Each structure stands twice: as C-alpha cells, then as structure tokens.
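Visitor: When you get a sec, could you give me coordinates for this:
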Amino acid sequence: MRGIAMVLFIGGGLLACTGETDGTLDPDADADTDTDTDADSDADADADTDSDADTDSDADTDSDADTDSDADADTDADTDADMSDTGEMMDTGPLGPCPQEATSTFPFRITGDLSTAPDVHQASCAFGGGNDYSVEFTAPSNGDYLFTVGGSGATDVMISLQDQCGGVELACDATFNNATVAQTMTAGQTVLVVAEGFSGLGNGPFQLDIIAGETAESTCDDGVDNDGDSDADCADSDCAGVGICGPEVCDDGFDNDGDGTDDCFDSDCQADPSCCPLQTTNGPGTYNGSTAGLLDTYQPTCVGATAGELTFDFTAPANATYTFDTDGSTYDTVLYALDSCGGVELACNDDTAGLGLQSRISLPMTAGQTIIVVVDGYNNTGNVTLNIQ
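Guide: Just a heads-up that it's a prediction; the model follows:
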C-alpha cells in the first residue's frame, strides 16, 4: 500500500499603511507552519507454492523483485519585509497608522484633507483634537527646522512634534491658520510631525510645510514666523525697536506695533489725520459707505455701541443749523458728532421717532466750522447712508 505525502502552508498578516502617493499596502505578516507527513508503506508478500506430483524433473524458479523508492523533499523559504514603496518601514501601531508618510526631503510640502484621516493623536495645546495626519521627518543635515500648517485653503489646523510615534511631545502650537513650531535637529535625527484638526473644527483641507527655520526672528517684515514661536514680525519681541517695528505708523500698510491691526484699523490711529475722517463730505448731500470690518474705536454717551464706526468730516458752508440723519441705512445706527477726531462730543442720538432704528441729530454751526460725524452701530454693522441738510 502506498502512503500519502501532505504539505500544508498557512499564511496571514497585518496591513501596513503608507502615506505615499501610490497608496501601496503590503499585507504580509508571517505565520508559517510546515507539516510534512510521509507515510511510506511497502508490503511485499510473495507466496510461491509449487507442487509437482510426477516423475519427471520439475524445476520451478520464482523471482520476485520489489523496489520501492520514496523521496520526499519539503523546502519552506519565507522572507518577510513589510515596508512602504519608498523603503521606509511602516507600523500600524496600537491606535492606527503611524506614520502615514516618511520623508527626508527638504524643503517638504504636502497638502491633503483631514476629513478622511483617522483620529490617532492628541496634541497638548488644545482641548479635544480632531483627525490627524503624521509625517516622519529625518533631518538631512544639522540645522533649525520650521514646521508649519496653513497656506491656501487651510482650515483651523494645529501642529505638534513628537520624538517618535506615541512618544514624547516636543512642541505644539494651535495658532489659527498659522500654527508653527521650530526644532533644532542634527543630521539623521527623526521627529514625528502631526497636523491635527483643532477640536474637530479643522477636519478639512490642510497644508504642511517643513522649511528652514531660525532660533530668533531675524527678519521683521516678511510676514513669516521665522523662529516658530507663534509671533511674526513686529509681534515678536525679537523685533522690538528693529527697523519698522515701533509705534504704529498709520499710513505704511504695516503692523508696526505688532498688535494684530495696522494703520487706520489700529486704535492708536483713530485720531490720526491719515485715518480720521475715513470719508470726506463736500457740503450738504447724501453720502454712502459701510461699517463692515471697521474698528470700534469710539463710544457715544447716549447709548452703548459695540460696533465699528464710519467717520465723516463736514465743514459748514454758512452760518446755519444743519441736520444729519441715517435714514436709508441697513442696520440699527447710532449717530453722534465730535468737535475733532477723538475730541469732545457735541450731539448724540440712537433711534428717532419716524425713522425706526435710524438716527438724527441737529447742530448750529458757523461758516467754516468743521466737525466729525460718526456713524456707529448699536450692536452690528452694515451699509451706511448719511444725509446732511
């Protein structure tokens, strides 16, 4: 009876995820069991019976040759390498894919959308993170590196650095639309860079850049946070008194004092001739404008007003009493007059009978007298109509 030789291979594995553009997944984790059972049974039963009952001579020759050859060779060679198509070893980790991409390219930029990313990491600089994308970066040389999320189409995304997947957090920043951290690195050093939606609100488009950084803000007018401390240009203490960084200049298009507002949008400029008035009148008539986006720099005495204002100058062409109203404006206005920009209030009105939420004031004036007419909002902004008669 012939036996049966059986070879059984069992394979299974994990999926490794890589952030490379071709999306290669390598499903190979080895559990290799090789069982070889060789049952070779050779039974040769040769029975030869010769019975001669005669007188002659009978020669009976029986030759039985049985040859059984069983050769069983089992060779199991298994080579397992789980890696991305760039050769970087990837690891699914206990919580999810980390990193999703590995690079030593410098400078480096990647754009994507966190709405389809997993939620693996939790940065310390904000409560309640959202989805995230991680990049393992290896420094190609000694130097200062800047890691930033922002750019065109970016939403509310924060950034953090870890020494490795699931390791110690090295830095974190949640500055809206310009989160930046800096790190001094040696050649071959690796960090994990994580772009993460802020409190779930940033689960949308993002742009991650790795560029050359500095340990101090050496350029104070380039709009970039060079040293990654979340303060750029004149808002960085490194730039105090450097170049254009100083008291606010109200007509240079730059935030000289680093308070987040520039020129006429800076409260320091509310009485500056460059900013007040924002519009000039030419005698009685109707003038239009908008308070949208303007600063709340003045406070009237007749009512609390918490919105931005639009200022007009008016010079009386003759001795007379002049009436100013906001009939035709699209929001709840407050109207008042000052003797100069930031000066003494001369008259104030919130709502006027017959005009609904619109305002009206009257002032006796002498020829050549100039006043500042302020159109404010009770608690909102909108399109302004100022009538002077």
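Visitor: Could I get the contacting residues of Gly260?
Guide: Contacts for Gly260 (CB atoms under 8 Å, 6 or more residues apart in numbering) come out as Ala235. For the C-beta atoms, the positions are set from N, CA and C on the backbone; glycine is no exception.
Visitor: can you confirm it is in a helix?
Guide: No - looking at Gly260 with DSSP: H, G, I helix; E, B strand; the rest coil, it is coil, so not inside a helix.
Visitor: heads up, I number from 23, so please use that
Guide: Done: numbering now begins at 23, and the last item shifts to Gly282.
Visitor: Next, count neighbours for the nearest residue to Cys261 once chain neighbours are set aside.
Guide: Once flanking residues are discounted, Cys261 sits nearest to Cys242: 3.8 Å by CB to CB, 6 or more residues apart in numbering. Look at Cys242: counted by other CB atoms under 10 Å, it has 22 neighbours.
Visitor: A strand includes Cys242, no?
Guide: No - going by three-state DSSP, the assignment for Cys242 is coil, not a strand.
Visitor: and it, what does it touch?
Guide: 255-256, 258, 260-261, 264-267.
Visitor: if you set the cut-off to 7 Å instead, what comes out?
Guide: Cys242 makes contact with 255-256, 261, 264-265, 267, according to CB atoms under 7 Å, 6 or more residues apart in numbering.
Visitor: and the least confident of the residues you listed?
Guide: Within the contacts of Cys242, the minimum per-residue pLDDT falls on Gly265 (75).
Visitor: Check which helix or strand that residue maps to.
Guide: Under the criterion of DSSP states H and E, Gly265 resides outside all helices and strands.
Visitor: mind checking how far it is from Asp347?
Guide: Distance of Gly265 to Asp347, computed by CB to CB, to the nearest Å: 47 Å.
Visitor: When the two are compared, which one has more neighbours?
Guide: Using other CB under 10 Å, the more surrounded residue of Gly265 and Asp347 is Asp347, with 21 against 13.
Visitor: isn't the more buried one right next to Gln411, touching?
Guide: No - using CB atoms under 7 Å, Asp347 makes no contact with Gln411, being 8.4 Å away.
Visitor: List only buried entries from the contacts of Cys242.
Guide: The neighbour count (16 or more other CB atoms under 10 Å) marks 255-256, 261, 264, 267 as buried among the contacts of Cys242.
Visitor: could you dump those residues to TSV with secondary structure?
Guide: Formatted as TSV, the buried ones among the contacts of Cys242 follow (three-state DSSP):
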residue	secondary structure
Asp255	helix
Cys256	helix
Cys261	helix
Val264	coil
Cys267	coil
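Visitor: if I read this right, Leu385 contacts Asn371, doesn't it?
Guide: No - applying CB under 7 Å as the test, Leu385 and Asn371 come out as separate, 11.3 Å apart.
Visitor: Pick out whichever of these two has more residues nearby.
Guide: Higher neighbour count among Leu385 and Asn371: Asn371, with 22 against 17, using other CB under 10 Å.
Visitor: tell me the contacts of that one?
Guide: 324, 357, 381-383.
Visitor: give me that answer again for 10 Å
Guide: By CB atoms under 10 Å, 6 or more residues apart in numbering, Asn371 lies in contact with 322, 324-325, 346-348, 355-359, 377, 380-384.
Visitor: cool, and Ala209?
Guide: So Ala209 contacts 126, 160-165 (CB under 10 Å, 6+ apart).
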